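In: Fold the following for me, if possible:
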Amino acid sequence: VADLKVKLKESRKMTFLFDVRELDEWENAHLAVATPVPLSTLVNSGEWMNNQTGETHKGTFPIDRGTSVAVALNADIFVHSATGLEGTTEAVNMLKLMRYPNVVALEETFEELEAAGICDVVRGTKLMDLTEFA
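Out: Below is the predicted model of the structure:
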């Protein structure tokens, strides 16, 4: 958590906190700096090709809320879920397969991150309302 706090202060534009919980959980409550990347969408929606190997994979690249384009491959990415490491392993593996080298799975659950005071918690926000947080 300390590394995340430092990175967010140093370089917010190149540091992302991915929330891999599903959208209903996100809409109920989420960390204000988090980007919604539901695990089901990340690993099952769409298809992409590895330019180095030519292999095709299921999945969708995460989108930066601020720019509406795919997150840069050199970004620092922290991943959290409702269940801590248990819920982030699959997401981290997929992001590394997509060639994101700087991915860290957070051990802390959503509730633990909220208690640690990473940032404000937003409650009751529908996904279509997220433009005000970009």
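In: Go through the longest helix along the chain and flag the buried ones.
Out: In the chain, ranked by residue count with DSSP state H as the criterion, the top helix is helix 85-97. Buried residues in helix 85-97, counted by 16 or more other CB atoms under 10 Å: 87, 88, 90, 91, 92, 94, 95. For the C-beta atoms, the positions are set from N, CA and C on the backbone; glycine is no exception.
In: For it, output the C-alpha coordinates as PDB.
Out: Output in PDB follows, covering the C-alpha atoms of helix 85-97 (Å, rounded to 0.1, in the frame of the first residue of the first chain):
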ATOM      1  CA  LEU A  85      -4.500 -11.700  -3.800                       C
ATOM      2  CA  GLU A  86      -7.000 -14.500  -4.500                       C
ATOM      3  CA  GLY A  87      -9.000 -12.300  -6.800                       C
ATOM      4  CA  THR A  88      -6.100 -10.500  -8.500                       C
ATOM      5  CA  THR A  89      -4.000 -13.500  -9.700                       C
ATOM      6  CA  GLU A  90      -5.900 -14.100 -12.900                       C
ATOM      7  CA  ALA A  91      -6.000 -10.400 -13.800                       C
ATOM      8  CA  VAL A  92      -2.200 -10.000 -13.200                       C
ATOM      9  CA  ASN A  93      -1.500 -13.100 -15.300                       C
ATOM     10  CA  MET A  94      -3.600 -11.700 -18.200                       C
ATOM     11  CA  LEU A  95      -2.000  -8.200 -18.000                       C
ATOM     12  CA  LYS A  96       1.400  -9.800 -18.100                       C
ATOM     13  CA  LEU A  97       0.400 -11.900 -21.100                       C
END
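In: Looking at it now, give me its mean pLDDT.
Out: Helix 85-97 carries an average pLDDT of 87.
In: Contacts for that helix, please.
Out: With CB atoms under 8 Å, 6 or more residues apart in numbering as the test, helix 85-97 has contacts from 18, 20-21, 37, 39, 42-43, 50, 57, 59, 62, 77, 79-81, 103-107.
In: Okay, and the beta partners of residue 34?
Out: In this structure, residue 34 bridges to residue 17 when assessed by DSSP bridges.
In: No further queries at this time; thank you.
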